[in-house]
Structures are given as C-alpha cells and as structure tokens.
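Visitor: Below: sequence and its predicted model.
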Amino acid sequence: MKIMEFIDAAAHNKVIELVILAIVFDTVFGVLRAVKEKKFNSCAGIDGAIRKVAMLISLVFMLAIDMLIKINLIGFIPETARGYLGLKTVGVAEFFSLLYIAYEITSIFKNMALCGLPVKRVWASVRGFLSKYTDELPDTDELDGNSTTGSVEGHKQQER
C-alpha cells in the first residue's frame with residue numbers, strides 16, 4: 001500500500017504539477033524556437049531532454065525522501081514568496097520544485113522572446129522578481145543579439 005500512497009502524493013502535489021507544466025511550456029516554446037531558427041537549441045535537443053528528465057527523476061527521489069523523513073524547509077523560502085504561493089510546509093521535493101520552476105520560467109520567457117513574441121516587458125518583470133531572490137539568472141546577451149554561445153570563431157581547428 002505504500003507504493004499507492006507514493007503515487008497519490010506525487011500525482012496530487014501542486015508544486016510538482018507546476019514543474020511539469022513549466023517543462024511542457026518550455027519544451028513547446030523551445031521547439032517553436034528551433035523551428036524558427038532551423039537548428040536545435042537547449043530545449044529541443046538531447047541536452048534539454050536529458051535536463052528535463054533528470055529534473056523529474058530527481059523530484060521522484062526527493063518525494064520519496066519527503067515520505068521517509070519529514071523535513072520542513074519553509075524557512076528557506078522568503079516571506080513574500082510564501083505569501084504568493086500559500087505554502088505552510090515545504091519538503092525537499094517542493095523546495096527543489098520551486099527552484100526548477102524559477103529555472104524553467106526564465107527559459108520559457110527567453111524562448112518566447114527569441115520566437116519573436118512581444119514578452120520583453122513581462123520578461124523584465126519576471127527577471128526583476130527573480131533577481132530579488134537569486135543572482136544566478138542567465139544573461140540577456142542572447143536576447144540582445146550579443147551572444148557568442150555556440151560560436152567556434154577564435155578556436156583552433158583540431159589537428160589530426
């Protein structure tokens with residue numbers, strides 16, 4: 001019966017459901033961006049798929065930890081974020097879910113902006129909100145057209 005409790009807990013955890021929803025949105029906009037640019041990117045390629053699957057697998061393991069050991073990490077969540085989310089307790093799975101959601105939101109808006117959607121104002125608001133809680137946000141060089149990510153210029157060709 002423990003396995004059924006675990007499946008029920010995973011299926012009805014709203015924060016984990018939000019992670020899954022964010023992953024789906026990021027994948028959709030990443031694929032649209034790949035189609036527009038006619039090349040793979042971090043969402044539509046194997047690296048993105050591995051990252052997304054790893055997020056989900058890690059959440060399953062962390063949910064198992066939460067069921068075995070009752071840990072409340074609510075103290076690590078800022079008061080304003082707790083108010084927005086209405087959280088009373090935060091287990092290990094929920095804590096990392098919130099981090100994954102923040103990561104996916106940045107990727108979603110980046111992909112939306114690079115697809116040409118008019119979301120730069122929304123992106124600026126999200127970036128401002130997230131910058132209150134972390135300094136690990138990606139730079140906006142790619143959105144500004146100044147990125148050299150993936151560029152091979154300036155690198156020597158491998159000798160045989």
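Guide: Perfect, I can see it now.
Visitor: make it CA atoms for all contacts and neighbour counts henceforth
Guide: Noted.
Visitor: And the most centrally placed residue in the chain, how close does it get to residue 9?
Guide: Nearest to the geometric centre of the chain sits residue 104, at 2.3 Å (CA atoms, centre = their mean). With distances taken as CA to CA, to the nearest Å, residue 104 is found 23 Å from residue 9.
Visitor: tell me, how many neighbours does the spatially closest residue to the residue nearest to the centre of the chain that is not a sequence neighbour end up with?
Guide: In space, and not counting its chain neighbours, residue 104 is closest to residue 22: 5.9 Å by CA to CA, 6 or more residues apart in numbering. For residue 22, the tally of surrounding residues (other CA atoms under 10 Å) stands at 20.
Visitor: which SS class is residue 90?
Guide: Three-state assignment for residue 90 (DSSP: H, G, I helix; E, B strand; the rest coil): coil.
Visitor: Show me the helices in this structure, by range?
Guide: For the chain, helices defined by DSSP state H occupy the ranges 2-11, 14-37, 46-68, 79-85, 92-114, 120-131, 141-144.
Visitor: shaky segments in the protein?
Guide: 1, 42-44, 133-160 (pLDDT under 70).
Visitor: quick revisit: highest mean neighbour count out of the helices of the chain?
Guide: helix 92-114 (a mean of 21; mean count of other CA atoms under 10 Å).
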